[in-house]
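[1] Got a sequence here, can you build the structure:
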Amino acid sequence: MEQFSVLSSPMQPHLHNLIKNCSSSLIIASPYIKKSAVDWLVATKPPCLKTISILTNLSLQNILSKSLETTALHQILESFPIASIVSLQHLHAKVFVADEKVALVTSANFTNGGLWTNYEYGIFIRQRAVVADIVRDMASYSALGGIVSPELLQRIDDEIRKLTSMQKQTESNSATRALRHQIRQSQTELQNVLLAYRLAKGQTINSLFSNTILLVLQKHPEGITTPQIHDEIKSIHPDICDDSIDRVINGQHFGKQWKHYVRRAQESLKEKGVVASESGIWRLREHV
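    Next up, the predicted model:
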């Protein structure tokens, strides 16, 4: 059997080939997920498939545009004995891995368009060492995201219902200034709900930034400066590194103080001997 093979549209038959022989676990990374794709997965999954790990992007934009459907995430959590969902801002990868043995890396989201109607492309990977690297990278990405729980999904649904009701009023009447203000407030509240669940249970901003610094330094074995670390962390966590506001949610600061917490994470990692700093250049100890 070939170690690598290229795939063209439609993607659904290729994904079906990956899933049908899955004997235990499935990893799906896709920023957009639709209920139509989850319906298909639930209907066609092999009985032995028990564990599913989802990495997606539960952002305000994706929710409001309905690119990511909360009904699909509800169904995943309800349909599999062991299911986990993690949300990571700026996720763009589309990756499917069965039993940590076979991977499909593709342009296709886990949606009706991605599986059936769009012109997509991808590659099957059966080489164990490469698949192991992919699994490790997906785990590193997941460590940077927040857990999506049934409670979070319910709160999102509640906020969306309120927001939808207000938006419908703008369709039948000229939107008043007060109503537009209420809509903006509702969107802000929804963003705060997402931030409240941004950290895994028991996790702090400091530990999140520590994990992120390690990932960033792995990408730069030659070492980088603190301002460069700031730039990379801000690109990974734009929702947390907001210089315009300081939100305190569940005792954690999201916003203006983020560079302070990055510095604390750097010093903590240095004290543990995991990273080193010389002449303003930060590196992993293994690259020193």
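
[2] what's around residue 286, how many residues?
    Neighbourhood size, residue 286 [other C-beta atoms under 10 Å]: 11. Glycine gets a C-beta too; all of them are placed from N, C-alpha and C.

[3] any idea whether it is helix, strand or coil?
    Three-state assignment for residue 286 (DSSP: H, G, I helix; E, B strand; the rest coil): helix.

[4] again with residue 203
    Look at residue 203: counting by three-state DSSP, its state is coil.

[5] Torsion angles phi and psi at it?
    phi -80, psi 150 (degrees, to the nearest 10).

[6] Let me see the ranges of the strands in the chain.
    Using DSSP state E, the strands of the chain run over 4-8, 25-29, 51-56, 82-87, 95-98, 102-106, 121-125, 146-147, 246-249, 252-255, 275-278, 281-284.

[7] Can you tell me how far the closest residue to residue 239 other than its chain neighbours is from residue 245?
    Leaving aside its chain neighbours, residue 239 sits nearest to residue 89 (5.4 Å; criterion: C-beta to C-beta, 6 or more residues apart in numbering). Residue 89 sits 16 Å away from residue 245, going by C-beta to C-beta, to the nearest Å.

[8] Tell me which of those two has more neighbours.
    The neighbour count for residue 89 versus residue 245, taken as other C-beta under 10 Å, is higher for residue 89 (20 against 9).

[9] Surely that one and residue 60 touch.
    No. Look at residue 89 against residue 60 with C-beta atoms under 8 Å: they stay out of range, at 10.0 Å.

[10] ok so, going back, present the strands of the chain as CSV; the columns should include distance to residue 223, mean pLDDT and mean neighbour count.
    Listed next are these as CSV, based on distance: least, C-beta to C-beta, whole Å; pLDDT from 0 to 100; neighbours: other C-beta atoms under 10 Å:
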stretch, distance to residue 223, mean pLDDT, mean neighbour count
strand 4-8, 33, 96, 12
strand 25-29, 29, 97, 22
strand 51-56, 29, 97, 22
strand 82-87, 29, 95, 19
strand 95-98, 29, 98, 23
strand 102-106, 29, 97, 22
strand 121-125, 31, 97, 18
strand 146-147, 29, 89, 20
strand 246-249, 31, 77, 13
strand 252-255, 28, 79, 18
strand 275-278, 8, 96, 16
strand 281-284, 4, 96, 18
